[in-house]
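Student: Just the structure for this:
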Amino acid sequence: MFGFCTDPSSLDGLAWLACYLTTGKHMAIYWSVGTVLLLLAISAPVALAFGFGAAAAARSRFLPLAWLGKAYIAIVRGVPDIAFFLFFVIALDQAFEWLRHKVKCPDWDQPIRQGNDFVVCADAKLPLGNAAQWVHEVYGFSLAVLTFSIVFGAFAANVLYGAMRAVPRAQLETAEAYGMSPRQSFWRILVPQMWVYALPGLSNLWMVLIKATPLLFLLGVEDIVYWARELGGAKTARFTDYPHPDWRMWYFFALLVFYLGFTKLSEVFLDRLMARLTHGQATTGGEAQRKAA
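Tutor: Numbering: from 1, shown residues only. Purely as a prediction, here's the structure:
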């Protein structure tokens, strides 16, 4: 990046460090921070949508729908996150390719399962073998987003289901007495009030989601954990211009500072949001505000 970085062997001290931290490979770790933030920005609302749908289904009076919602919550919450991530991404990828294989290659006469191999026709591969590198990266990232959303959607569903049950039943009965239909009382009475009960649990879930982003490393996405390990290790052929000892401890320390700072900002924002939602509400937070005033 700097003009004096043309000859790394002639550098030392802060000049060497400035050139080292602005190389093309270090730009990758800076971009990977954006990858993590993008994952959070997409996964959080999608997981919340999954959770809301599952919670609404779980309290449905239509038993098959209620069983489906409760089964989704129980199954996903009962499986360790790492095991689910490692299994589900492979299963999801193969399911997509199997569906494409049935549509694009109906004349295929060989078994798809051949021992330990999963073999589909070339046109059914996702992404295609001749696709650009960015297509492979976007596809892998999309699978990661979907997996994160499904996993944390189950936890969000459990939080929202409890919040729906926390809204006083008398308010729903009053709405029905005024002639509201079950759908109207759900959207006009239950949903607006449940958020104040759900926010503490959702806040905690957001913190867990932030801490779970290093699982991208297990899914093959080159995130900040991947680059911290690569750039922090003692360099041989991969980084010959700027050799250094094993600095992984310092790289992972920088990750610690990043995550602590991000969670602190999240805490400040969520505390203010909680204060706004509980204002005037008959909850512990609302009562504390009333006494303080």
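Student: all helices of the stretch 151-293 of the chain, in order?
Tutor: 169-177, 182-185, 191-212, 224-232, 248-278, 284-292 (DSSP state H, counting those that start in this stretch).
Student: Pipe the ones you listed into a markdown table and attach mean neighbour count, distance to Leu21 and mean pLDDT per row.
Tutor: Using the backbone N, CA and C atoms, a C-beta is placed for each residue, glycine as well. As requested, the helices of the stretch 151-293 of the chain are exported to a markdown table (neighbours: other C-beta atoms under 10 Å; distance: least, C-beta to C-beta, whole Å; pLDDT from 0 to 100):
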| stretch | mean neighbour count | distance to Leu21 | mean pLDDT |
| --- | --- | --- | --- |
| helix 169-177 | 12 | 57 | 83 |
| helix 182-185 | 13 | 57 | 84 |
| helix 191-212 | 18 | 25 | 88 |
| helix 224-232 | 20 | 10 | 81 |
| helix 248-278 | 13 | 11 | 87 |
| helix 284-292 | 12 | 44 | 52 |
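Student: so which of the ones you listed comes closest to Arg100?
Tutor: Of all the helices of the stretch 151-293 of the chain, helix 224-232 sits nearest to Arg100, with 28.7 Å by C-beta to C-beta.
Student: orientation of the closest one relative to helix 248-278 in degrees?
Tutor: In terms of direction (axes from the mean of the first three to the mean of the last three C-alpha atoms, to 10 degrees), helix 224-232 departs from helix 248-278 by 160 degrees.
Student: Contacts for helix 224-232, please.
Tutor: If you take C-beta atoms under 8 Å, 6 or more residues apart in numbering as the criterion, helix 224-232 is touched by 25-26, 28-29, 32-33, 35-36, 214, 216-217, 238-239, 246-252, 254-255, 258.
Student: With stretch 64-78 instead?
Tutor: For stretch 64-78, the external contacting residues (C-beta under 8 Å, 6+ apart) are 53-60, 84, 150-151, 153-155, 157-158, 161.
Student: Which of these are buried, as a PyMOL select command?
Tutor: Buried subset of the contacts of stretch 64-78, written as a PyMOL selection, criterion 16 or more other C-beta atoms under 10 Å:
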select buried, resi 53+54+55+56+57+58+59+84+150+151+153+154+155+157+158+161
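Student: From Lys102, how far off is the residue nearest to Pro182 when sequence neighbours are not counted?
Tutor: Nearest non-adjacent residue to Pro182, counting by C-beta to C-beta, 6 or more residues apart in numbering: Glu176, 7.6 Å away. Using C-beta to C-beta, to the nearest Å, Glu176 is found at 48 Å from Lys102.
Student: show me what contacts the closest residue to Val196 other than its chain neighbours?
Tutor: Distances taken as C-beta to C-beta, 6+ apart place Leu277 nearest to Val196, at 4.8 Å, with adjacent residues excluded. Counting by C-beta under 8 Å, 6+ apart, Leu277 touches Trp195, Val196, Leu199.
Student: Let's have the residues you listed in JSON lines, adding distance to Leu270.
Tutor: Putting those into JSON lines (distance: C-beta to C-beta, whole Å) gives the following:
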{"residue": "Trp195", "distance to Leu270": "12"}
{"residue": "Val196", "distance to Leu270": "13"}
{"residue": "Leu199", "distance to Leu270": "7"}
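Student: Nearest to Gly13, out of those residues: which one, please.
Tutor: The closest of these to Gly13 turns out to be Leu199 (C-beta to C-beta; 49.7 Å).
Student: Turn the helices of the stretch 151-293 of the chain into a markdown table, columns for distance to Ile42.
Tutor: Converted to a markdown table, the helices of the stretch 151-293 of the chain look like this (distance: least, C-beta to C-beta, whole Å):
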| stretch | distance to Ile42 |
| --- | --- |
| helix 169-177 | 34 |
| helix 182-185 | 29 |
| helix 191-212 | 11 |
| helix 224-232 | 17 |
| helix 248-278 | 16 |
| helix 284-292 | 30 |
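Student: Nearest to Ala49, out of these?
Tutor: Counting by C-beta to C-beta, Ala49 lies closest to helix 191-212 out of the helices of the stretch 151-293 of the chain; the figure is 12.8 Å.
Student: Contacts for that closest one, please.
Tutor: By C-beta under 8 Å, 6+ apart, the residues outside helix 191-212 that reach it are 40, 43-44, 47-48, 81, 148, 152, 155-156, 159-160, 162-164, 166-167, 171, 259, 262-263, 266, 270, 273-274, 277-278, 281, 283, 285-286.
Student: Correct me if wrong: the residue nearest to Pro182 contacts Ser185.
Tutor: Yes - counting by C-beta atoms under 8 Å, Ser185 is a contact partner of Glu176 at 6.0 Å.
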